[in-house]
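K.L.:
Provide a 3D model corresponding to the input given below.
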Amino acid sequence: MKKALITGANKGVGFETARQLLENGYYVFIGSRNLDNGESAVQQLNKAGYTNVEAIQLDVTDQLSVTQARKEIGSRTDTLDVLINNAGINGGLPQAALEAPAENFHKVMDTNLYGVIRVTQAFTDLLDKSDEPRIVNVSSSGCSLTLQCDPTWKYYQHKGAVYTASKAAMNMYTINLAYELRDTAFKVNAVCPGFVATDFNHHRGTGTVQEAGVRISKYAMIDKDGPSGKFISEEHNPQTGETPW
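P.N.:
Modelled structure (predicted):
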């Protein structure tokens, strides 16, 4: 049975992605900053008939928490097949480039960029033992430098200096990570779940968590011929999903 770790999986897109991987026969570790919230998510999944799931306390902004989560998961399995770096924050307001305090940038980067780095580096050794290791970094088409410069893009007016900067930086980390792992069995991609209606954006999105879960889990389960080092947004490009950086 393949095993997956999803950060920030106690609700929203992460929770639905966990459900879809469980549906496909995976054992899932629900990473949750608050363990009680993680346990509550597990109970919901148990009630739906999914038993191969457990909660792990994991605060991606806390190196000690990440290290402890690696220790706990390592005591349960020698191999991790999938890592989905889903935990993220939007940074609140203001998001204007001339108004947002530098402290806001630092806080969001600590979760959306540094958190991805901490978790990825901590779990690479377990992933390396898988025959088909997969890393999915949950991104956003809104952090595409190309699209944000295109006045014809439908979300051109949706600017947010703090959040988009953090995800653009995470995308560059994804590029470098995929390059370093290019001669291995790893597949590493940045995947946009779409403009999804969750509490992350005060339910202003137009997509569903079910659609988002399909998009993310798809790239968690790709075979050896699947892409690596790509930025995928099936909302932006329904044909191939490939999106300009």
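K.L.:
contacts, neighbours, all on C-alpha from now
P.N.:
Will do.
K.L.:
Could you give me the buried positions within the longest helix anywhere in the chain?
P.N.:
Ranked by residue count and defined by DSSP state H, the top helix of the chain is helix 161-180. Judged by neighbour count using 16 or more other Cα atoms under 10 Å, the buried positions of helix 161-180 are 161-171, 173-175, 177-178.
K.L.:
pLDDT weak spots in the protein?
P.N.:
197-207 (pLDDT under 70).
K.L.:
From G14, how far off is the residue most central in space within the chain?
P.N.:
Geometric centre of the chain, nearest residue: N86, 2.5 Å, by Cα atoms, centre = their mean. The spacing between N86 and G14, counted by Cα to Cα, to the nearest Å, is 6 Å.
K.L.:
so where do the strands sit in the protein?
P.N.:
Ranges of strands in the chain, per DSSP state E, are 3-6, 27-32, 53-57, 82-85, 134-138, 187-192, 230-233.
K.L.:
what's the first one in contact with?
P.N.:
Same thing as strand 3-6. Strand 3-6 is contacted from outside by 14, 18, 26-31, 79-86, using Cα atoms under 8 Å, 6 or more residues apart in numbering.
K.L.:
now the residues you listed: which count as buried?
P.N.:
Using 16+ other Cα under 10 Å, the buried members of the contacts of strand 3-6 are 14, 18, 26-31, 79-86.
K.L.:
from those, which is closest to R118?
P.N.:
Closest approach between the buried ones among the contacts of strand 3-6 and R118, by Cα to Cα: N85, at 10.3 Å.
K.L.:
Specify the beta-bridge partners of the closest one.
P.N.:
N137 (DSSP bridges).
K.L.:
circling back: ok, now how distant is the residue nearest to the centre of the chain from A212?
P.N.:
From N86 to A212 the distance is 12 Å (Cα to Cα).
K.L.:
Mutual contacts of the two, please.
P.N.:
With Cα under 8 Å, 6+ apart, N86 and A212 have no common neighbours.
K.L.:
And the helices in this protein?
P.N.:
Using DSSP H, helices in the chain cover 12-23, 35-47, 63-76, 102-112, 114-127, 145-148, 161-180, 209-220.
K.L.:
Now tabulate those helices in CSV and tack on distance to K2.
P.N.:
Formatted as CSV, the helices of the chain follow (distance: least, Cα to Cα, whole Å):
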stretch, distance to K2
helix 12-23, 10
helix 35-47, 18
helix 63-76, 13
helix 102-112, 26
helix 114-127, 11
helix 145-148, 35
helix 161-180, 21
helix 209-220, 11
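K.L.:
can you tell me which residues contact the nearest residue to G241 once chain neighbours are set aside?
P.N.:
Sequence neighbours aside, E234 is the residue nearest to G241 in space, at 4.2 Å (criterion: Cα to Cα, 6 or more residues apart in numbering). With contact set as Cα under 8 Å, 6+ apart, E234 has these partners: C192, P193, G194, R215, T240, G241, E242.
K.L.:
any idea how far E132 lies from M221?
P.N.:
Taking Cα to Cα, one finds E132 at 9 Å from M221.
K.L.:
Centroid-wise, who is the farthest residue in the chain?
P.N.:
The chain, Cα atoms, centre = their mean, max distance from centroid: L98 (28.5 Å).
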